[in-house]
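Novice: need a structure here:
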Amino acid sequence: MRLVHHLAALATLLGTGSASVSVKYTGQAPTGYEVTFRYTNASAHKVQIAGGLLPFTDQFRTTPAFSAAYDPHDYRPGDFFVSGLNVNTTGNLGPQGNYTGFYMNNTGNGHWEWTAPFPSGTYSYAYIIDCDLGPRCATTEPGQVPGLTFYNDPENPPFQNDHLQFNHSIFQVPYDRQYQYDPALNLDFDFALPVPAGHQGKALAVNYSESVEASIVLIDSRETPANPTQASPGSTYPAKDIHDLALYLPPTYDSNCATPYPVLYLSHGGGGTAFDWPNLAKAFNIIDNLILSQWIPPTIVVCPAFYNLGCNDSGPIPDLMICVRENYLATLLPFIESTYRASSDPDQRAFAGLSLGSELTYEMYINATTHFGYFGHFSGARGPAASDTNTAGYISNISVAANPALASRGVFVGFGNFDIAFSDCRSLELALELAGVGFLSRFVPWGSHFWNTWQDTLWYFGRTALWKQRPFTVETARRGRVVY
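Specialist: Predicted structure coming up:
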């Protein structure tokens with residue numbers, strides 16, 4: 001696929017600078033593509049690019065605690081990037097023990113530039129000015145990460161941002177089989193690229209009592225309704241009794257359609273927001289591709305936020321999950337089904353999430369079983385387990401005897417080889433098997449606890465599990481594309 005993605009052009013950054021990034025097809029080694037970052041600031045003494053722009057590793061030199069930390073210029077087919085929970089501070093990336101970001105070159109007259117080859121994938125980035133990634137330096141800039149001066153590309157802002165989390169700018173690189181193919185690993189992420197015009201769904205940033213179209217919305221541009229309803233009682237953000245969600249409406253969406261649309265509720269993880277999936281994972285692009293390829297029918301996707309709902313966000317995780325479950329069933333689902341042409345049939349509802357959102361998915365599976373027909377557990381279930389043979393506290397024969405519907409749901413488990421949730425997910429899989437529950441599994445051989453893994457698991461959840469015939473059997477994932 002020969003694409004040139006000009007994602008940004010020079011523009012004013014905080015009144016003193018400008019920035020841009022472009023992705024160019026070269027047709028040359030090592031990846032077939034190169035990415036050029038440009039930043040203009042006459043007062044800057046040094047500029048780094050970081051914010052999720054990670055070094056690469058390979059399957060032969062990687063463990064859950066170590067990455068080879070190859071520079072992009074040293075890319076070889078089969079290289080990928082991994083991350084832990086605290087990639088900027090754990091000191092586990094490469095022989096140097098630090099992740100320092102990538103320093104831009106001063107080309108004179110206040111211009112900074114850096115070009116490197118990148119393989120297929122979705123990448124987040126931000127600029128750090130006159131400060132080293134480690135040790136961190138203080139910032140008083142409004143809207144920035146406390147303790148670190150991260151600046152987004154103003155011409156390529158994230159899908160949505162707020163004070164709760166500083167999401168970074170995004171660029172995407174297509175796959176070039178000639179230079180990126182590796183016989184051992186499939187690292188083609190073209191399923192997250194935009195589909196052709198006319199086949200794209202609509203992305204919305206929504207308050208529980210109003211909808212605001214926001215394919216790109218700048219920081220703090222959200223408006224609070226003048227006369228808010230009590231759609232989310234107890235919520236504290238962005239306003240009292242008002243809450244946020246990101247919403248995807250399929251390209252054929254018709255509010256007067258005779259048949260309601262199936263709905264996927266897709267949760268963020270710990271410390272996240274409603275806008276993580278559409279920004280950091282380009283999840284709505286993935287859904288577009290699933291629909292266009294006829295892996296799933298036109299589907300509404302709801303990305304809610306489980307913080308600031310009036311629950312005790314800093315309390316015990318099980319208590320938080322129970323509170324969120326009760327809130328979603330009482331407020332979120334009724335709002336979606338009364339506002340949009342969304343199905344209220346449990347067989348046409350699915351719930352999935354990543355990390356702590358996967359623990360919420362497990363809570364829904366066990367204690368809201370009949371409200372949803374499908375459950376996607378991405379990198380989590382019950383929290384860290386002692387080993388992948390520890391099934392204490394997971395589903396069991398006793399659970400299924402008490403709640404037979406557990407055995408008739410469409411259960412999917414996805415996780416990575418270098419994932420901190422590896423043992424947790426293996427424990428869930430073993431527990432499901434011992435309880436006689438059919439399920440589908442996606443093991444990502446290059447995956448860590450990071451967004452490229454969750455892109456992959458969402459894609460395979462849609463391809464193999466979502467809206468497919470239940471209960472799942474050994475033939476479920478082998479039936480191929482479903483035409484609706």
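
Novice: Let me see the mean pLDDT of stretch 427-441.
Specialist: Along stretch 427-441, the predicted confidence averages to a pLDDT of 96.

Novice: residues of it that come out buried?
Specialist: Of the residues in stretch 427-441, 427, 428, 429, 430, 431, 432, 435, 437, 438, 439, 440, 441 count as buried by neighbour count, 16 or more other C-beta atoms under 10 Å. Any C-beta I mention is one placed from the backbone N, CA and C, and that applies to glycine too.

Novice: same question, stretch 461-472
Specialist: For stretch 461-472, burial by neighbour count (16+ other C-beta under 10 Å) applies to 461, 462, 463, 464, 465, 466, 467, 468, 470, 472.

Novice: Before we move on, what's the pLDDT of the residue of the chain positioned farthest from its centre?
Specialist: Taking C-alpha atoms, centre = their mean, the residue of the chain most remote from its mean C-alpha position is residue 109, at 38.2 Å. At residue 109, the pLDDT value in this model is 92.

Novice: where's it relative to residue 19, distance?
Specialist: The span separating residue 109 from residue 19 equals 16 Å under the rule C-beta to C-beta, to the nearest Å.

Novice: what's the answer for residue 123, then?
Specialist: Distance, residue 123 to residue 19, using C-beta to C-beta: 15 Å.

Novice: Mind checking which of these two has more residues around it?
Specialist: For residue 123 and residue 19, the more surrounded residue by other C-beta atoms under 10 Å is residue 19, and the numbers stand at 28 against 22.

Novice: so the more buried one, which of the three states?
Specialist: Each residue gets one of three states, and residue 19 gets strand by DSSP: H, G, I helix; E, B strand; the rest coil.

Novice: partner residues bridging it?
Specialist: With DSSP bridges as the criterion, residue 19 is bridged to residue 39.

Novice: got a pLDDT number for it?
Specialist: On the pLDDT scale, residue 19 is placed at 71.

Novice: picking up where we left off before, could the buried residues of stretch 461-472 go into JSON lines alongside pLDDT, secondary structure and distance to residue 253?
Specialist: As requested, these are arranged in JSON lines below (pLDDT from 0 to 100; DSSP: H, G, I helix; E, B strand; the rest coil; distance: C-beta to C-beta, whole Å):
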{"residue": "461", "pLDDT": "98", "secondary structure": "helix", "distance to residue 253": "21"}
{"residue": "462", "pLDDT": "97", "secondary structure": "helix", "distance to residue 253": "18"}
{"residue": "463", "pLDDT": "96", "secondary structure": "helix", "distance to residue 253": "22"}
{"residue": "464", "pLDDT": "95", "secondary structure": "helix", "distance to residue 253": "25"}
{"residue": "465", "pLDDT": "96", "secondary structure": "helix", "distance to residue 253": "23"}
{"residue": "466", "pLDDT": "97", "secondary structure": "coil", "distance to residue 253": "18"}
{"residue": "467", "pLDDT": "96", "secondary structure": "coil", "distance to residue 253": "16"}
{"residue": "468", "pLDDT": "95", "secondary structure": "coil", "distance to residue 253": "22"}
{"residue": "470", "pLDDT": "94", "secondary structure": "coil", "distance to residue 253": "25"}
{"residue": "472", "pLDDT": "93", "secondary structure": "coil", "distance to residue 253": "28"}
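
Novice: Thanks a lot, catch you later.
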